[in-house]
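Enquirer: My questions are about this predicted structure, shown below with the sequence.
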Amino acid sequence: MSTVIRCFLFVLVMSAIGLAACQQDPGASGAPSESSTTPVAGSSADEIPLGQLPQDVAPVAYQIDLTIMPERDRFNGTVVIELDIDSARDHFYLHGQDIIANDVRVASGDELLAASYEQVDDTGIARISLPQAVQGRVRLHIDYDAPFNKALHGLYKVSESGRDYAFTQFEAISARLAFPGFDEPRFKTPFDITLRVAEDHVAISNTPELSSEIIDDMKVVRFASTKPLPTYLIAFAVGDLDVVEWADLPATDIRPRPLPLRGIAVKGKGEQLAYALEGTNAIVTALESYFGTPYPWAKLDILAVPDFAAGAMENAGAITYRETLLLFDDTATPARKRRYKMVHAHELAHQWFGDLVTPAWWNDIWLNEAFATWMAHVAMDIAEPDSNYRRDLLGRGLRVMAGDSLVNARQIRQPILSNNDIATAFDGITYSKGGAVLSMFENLLGREDFRQGVRNYMGEFQYGTATADDFIRHLAAASTEQSKELVIAAFNSFLEQPGLPLVEVASECSDSDVSVSLTQSRYFPLGSKGEQAQQWKIPVCLRTGSSNDSATTCLMLTEKQQRFELPQACPEWIMPNANSAGYYRFAMSQQDWSNLLANSDKQNPEEMMAMLGSLTGAFNSGDLDVASLMAIAPQLIANPGWQIAIAPIEHMEFMYNRMADERQKPALEARFAELYTGKMEQTGLGATDDREKAQLQAALVEFLAETAKHPALRAELVTMARAYSGYGTDDQLHTDKANPIIIGTALAVAVDELGNEFVDYLLQQGLSSTDAVIRGRALTAAGNTKDPAKSAEVRELVLSPDLRNNEIWSILFPQAFMPETRDATWTWIQENLDGVLARMPKPSWGRISSIARTFCDSEKRAEVEAFFADRIDSLTGGPRSLAQALERVDLCIAKVERHRADMDAWLGQ
């Protein structure tokens, strides 16, 4: 599977997101306070709240008592919610979805009123109706039962090796599938949770266990009251689980008490948690050091979940992860280990940013996700200062620029008016652009001032909710060098509008002086219909150099065009984004570009990455042709940094997969092999613990084997695939006989070379395993089959219970991307849409329309648009997802039209 497909799969599957509230008293779950009742003949029906719930009814505390038997189809329980009702009402709204309420009562003062529960909208809005109006402090009691969800959200069940388990995924709005409540982030209250489970089962929730006793042949587990939390951060796990009691994290100067740490996995997998548990202390310590406050919860559990739609989920004190992120054996690659550290640091950062302080509404989900993205890299940089984690953050910011170049791009702080907006809020703009913008303003303020602003913000709003305005106000107040008003205005200019700035830099030298003219606009690629007349307040840092000297000058570009005098003499070169600190692309004259490229050895890796991002922008906008791009390629490939060396691959794959006809492909294969074979020889095919070498090796082997069709390499990979899988020998898996860094590519190549019998063999071997890594390798390789009949068989697995729900994309995406299977896969999706959606969490349904991104022709674009025309509004998040996908098709068509002729000319040289 090509690098492009892997990146798209990752983005789709992992993408798949007021005033401070006073801290709630954990003891508020006692008797209701004074309340009143007012008999009424009736009240007029008000509008069903499809956005936020009304302000005049708010929860104060929850008591949840659930019976969870994963082997059953349904669960049941009782929820008691203490409420404050500001004005007399005989009905009110809350959230509950697919729940059968068997008994509903409201205690108001000394009265106990029978009430009714009715779901009034399929998004999970429910109405509680009373015989008379109530006001003040009341207590709502609901006995209910509900089905275990079948699509990995809400409270859902997982089966493995004959055992059944129950897990939860409540973010963003799926807690309503597990219990009736006020399923919005602004409602933070204490929760008292009791779980009734089988005697031989383990029960996990957010807080430590208070008691466990056997009552009526059931184990009744009571948990300590939580600190104030929103519904989406509550978690349960039930089943015959392995619980690894790890050594407590030792007390520190910041945290005076040890922190209990446990790892939880399904039966038989607990021993694979050791690496993840061992690495936790360094990350927690780094985060506590940054925030200056202790980890905020009483314990820390990390749970490996076999079938999980998200990558991980930051439930307070009980964080859930995909198994591939927590379970490790001796063959785990450096990339997998690094991925674990990044995701683990992200979720642990959420324990402060998101859990301790929570956005008041989903328009500020970026406060959660952008900050956790940024903070994960910062924390790992503290924990492992020589491992270039901040460079990875830069890479994420550069990659998201393609999505930010769309007319239909979201803004970071996007207004949330419906569930569609919530569903599309968890995207690269929120995570990666948000993280890049935070990094830019950290550079503007300085690291210490920025950290002080973060600490002040956390201190004011701990255990409460906050908004972007609160956060930015604290950052601005902490700045000792910058105007507070300018910091606020500049930050908001990146939050409150979509798009990617383009900064054009023109320099002018006299005898001893140099000036630069900076002009800003919104960047768009070829084929876009967007308007460029857009402005930001952009922190711009320029680095200028002559001989071996350089100087950095930082400016604030606040107007459409501004001229600045630089204090240096006339330079030999200008780097328009020093240290790649700014979130923008840049453009220069051909001469300035030539000067910069001639001095690329004087640019640090971050600046080289920024330069490459801007060259990519120029190619995509038609300002750089194929011959000029490929003339630069040897210089880039020779660079020792793996990110720079593999950068041309993206463009080569586009030329090969989108622009070339069958006649041209052999010539391209030869050229690509000539450019990269020498680089691959530096890495070899053996396993390595050097992460950067491993990243380079993985990318080069995949590109040379699958795109350049390097015959000798492909033969070696087939040999490796046979040895690993035991195919044709002992039919046993031998993980020690393959380089785990490149075995995925080896299996995909073997599918091509060995044919259908090998595909069947791989599927049998993968589906009989419970190891998520082994299953993933086998399924992804099988998904690369190009044989029409075998492809049809493989696609049918998507509807089979033999596949876990989170595995269906391992087959669908390669089938959708490969030219040989693309059209048949699109036809299959149209015929089986309902079956595919049944395996996806409903909040993610709209993402299925992103399949349109696999096309690059107007006929198929029209087909996709017509097919979804009458369906897209019923798919949560669908309208924006489809609009973005169709726009990407338009851009692809325009890019091919612009560059096909100059690719032909380059090949003719």
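Expert: Cool, the structure landed.
Enquirer: Which parts of the stretch 351-500 of the chain are helices?
Expert: Secondary structure of the stretch 351-500 of the chain (DSSP state H, counting those that start in this stretch): helices at 365-383, 389-399, 401-404, 419-424, 428, 434-445, 447-461, 468-478, 484-495.
Enquirer: Nearest to Pro819, out of those?
Expert: helix 401-404 (21.4 Å; C-beta to C-beta). (Glycine included, C-beta is placed from N, CA and C.)
Enquirer: hmm, back to that, figure out which of the helices of the stretch 351-500 of the chain is closest to Arg322.
Expert: Short answer: helix 365-383, nearest of the helices of the stretch 351-500 of the chain by C-beta to C-beta, at 16.2 Å.
Enquirer: so what does the closest one touch, helix or strand wise?
Expert: helix 280-291, helix 334-350, strand 357-359, helix 389-399, helix 434-445, helix 468-478 (3 or more C-beta pairs under 8 Å, 6 or more residues apart in numbering; DSSP states H and E).
Enquirer: Among those, which comes closest to Glu245?
Expert: helix 280-291 (13.6 Å).
Enquirer: Please state the offset of that closest one from the chain centre?
Expert: Put simply, helix 280-291 sits 22 Å off its chain's centre (C-alpha atoms, centre = their mean, to the nearest Å).
Enquirer: Does anything pack onto that helix? Which helices or strands?
Expert: Identification of packing neighbours for helix 280-291 by 3+ C-beta pairs under 8 Å, 6+ apart yields strand 300-305, helix 334-350, helix 365-383, helix 447-461.
Enquirer: Let's see that with 10 Å instead.
Expert: With contacts taken as 3 or more C-beta pairs under 10 Å, 6 or more residues apart in numbering; DSSP states H and E, helix 280-291 sits against strand 261-266, strand 300-305, helix 334-350, helix 365-383, helix 447-461.
Enquirer: Kindly reformat the ones you listed as TSV containing distance to Val407, mean neighbour count and mean pLDDT.
Expert: Shown next, in TSV, are the helices and strands packed on helix 280-291 (distance: least, C-beta to C-beta, whole Å; neighbours: other C-beta atoms under 10 Å; pLDDT from 0 to 100):
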stretch	distance to Val407	mean neighbour count	mean pLDDT
strand 261-266	45	22	99
strand 300-305	38	25	98
helix 334-350	30	21	97
helix 365-383	20	25	96
helix 447-461	32	18	98
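Enquirer: got the helices of the stretch 351-500 of the chain as TSV, with distance to Ala235 columns?
Expert: Formatted as TSV, the helices of the stretch 351-500 of the chain follow (distance: least, C-beta to C-beta, whole Å):
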stretch	distance to Ala235
helix 365-383	16
helix 389-399	27
helix 401-404	31
helix 419-424	20
helix 428	26
helix 434-445	25
helix 447-461	22
helix 468-478	26
helix 484-495	30
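Enquirer: To Gln682, which of those helices lies closest?
Expert: helix 389-399 (20.5 Å).
Enquirer: Centre of the chain to the longest helix seen in the chain, how far?
Expert: In the chain, taking DSSP state H as the definition, the longest helix is helix 878-907. For helix 878-907, the separation from the chain centroid amounts to 25 Å (computed by C-alpha atoms, centre = their mean).
Enquirer: got it, and stretch 385-405?
Expert: 14 Å.
Enquirer: So Val437 versus Asn620, what's the distance?
Expert: 21 Å (C-beta to C-beta, to the nearest Å).
Enquirer: Specify which residue of the two has the higher count of neighbours.
Expert: Legend: neighbour count by other C-beta atoms under 10 Å for Val437 and Asn620, higher for Asn620 (26 against 21).
Enquirer: so that one touches Pro525, yeah?
Expert: Yes: between Asn620 and Pro525 there is a contact under C-beta atoms under 10 Å: 4.1 Å.
Enquirer: can you list residues touching both of these two?
Expert: Here Asn620 and Pro525 have 402, 405, 891, 894-895, 898 as joint contacts, going by C-beta atoms under 10 Å, 6 or more residues apart in numbering.
Enquirer: Make CSV out of those residues and add distance to Ala312, pLDDT and neighbour count.
Expert: Below are the shared contacts of Asn620 and Pro525 laid out as CSV (distance: C-beta to C-beta, whole Å; pLDDT from 0 to 100; neighbours: other C-beta atoms under 10 Å):
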residue, distance to Ala312, pLDDT, neighbour count
Ala402, 25, 96, 19
Ser405, 29, 97, 24
Leu891, 32, 97, 21
Ala894, 38, 97, 17
Lys895, 35, 97, 21
Arg898, 40, 95, 18
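Enquirer: Next, count neighbours for Pro605.
Expert: For Pro605, using other C-beta under 10 Å, the count is 18.
Enquirer: mind listing what the residue lying closest to it once chain neighbours are set aside touches?
Expert: Distances taken as C-beta to C-beta, 6 or more residues apart in numbering put Gly641 closest to Pro605, at 4.7 Å, once the chain neighbours are dropped. Contacts for Gly641 (C-beta under 10 Å, 6+ apart) come out as 388, 391, 604-606, 608-609, 647, 692, 696.
Enquirer: per the record, what domains does this structure have?
Expert: 24-227+230-304, 355-495, 501-606, 625-708, 710-802 (automatic domain parsing).
Enquirer: Could you identify which of those domains is most buried?
Expert: Most buried of the domains of the chain, by mean neighbour count (mean count of other C-beta atoms under 10 Å): domain 355-495, with a mean of 21.
Enquirer: gap between it and the chain center?
Expert: Relative to the chain's own centre, domain 355-495 is displaced by 14 Å; criterion: C-alpha atoms, centre = their mean.
Enquirer: May I have the secondary structure class of the residue in the chain sticking out farthest from the centre?
Expert: Going by C-alpha atoms, centre = their mean, the residue of the chain most distant from its centre is Asp511, 51.6 Å out. Look at Asp511: counting by DSSP: H, G, I helix; E, B strand; the rest coil, its state is coil.
Enquirer: Angles on the backbone of it, please.
Expert: The phi and psi values for Asp511, taken as degrees, to the nearest 10, are phi -60, psi -40.
Enquirer: With the one 5 residues further on instead?
Expert: Val516 adopts backbone torsions of phi -130, psi 140, taken as degrees, to the nearest 10.
Enquirer: again, but for Leu94
Expert: phi -150, psi -170.
Enquirer: Quick one: residues contacting it.
Expert: 49, 53, 57, 59, 81, 83, 117, 124-128, 140, 142, 176, 180-184, 187.
Enquirer: quick revisit: for the helices of the stretch 351-500 of the chain, which one sits closest to Ile743?
Expert: Once the helices of the stretch 351-500 of the chain are compared by C-beta to C-beta, helix 389-399 is nearest, at 23.4 Å.
Enquirer: quick one: average pLDDT of the closest one?
Expert: Here helix 389-399 scores 96 as its mean pLDDT.
Enquirer: Perfect, I'm done here.
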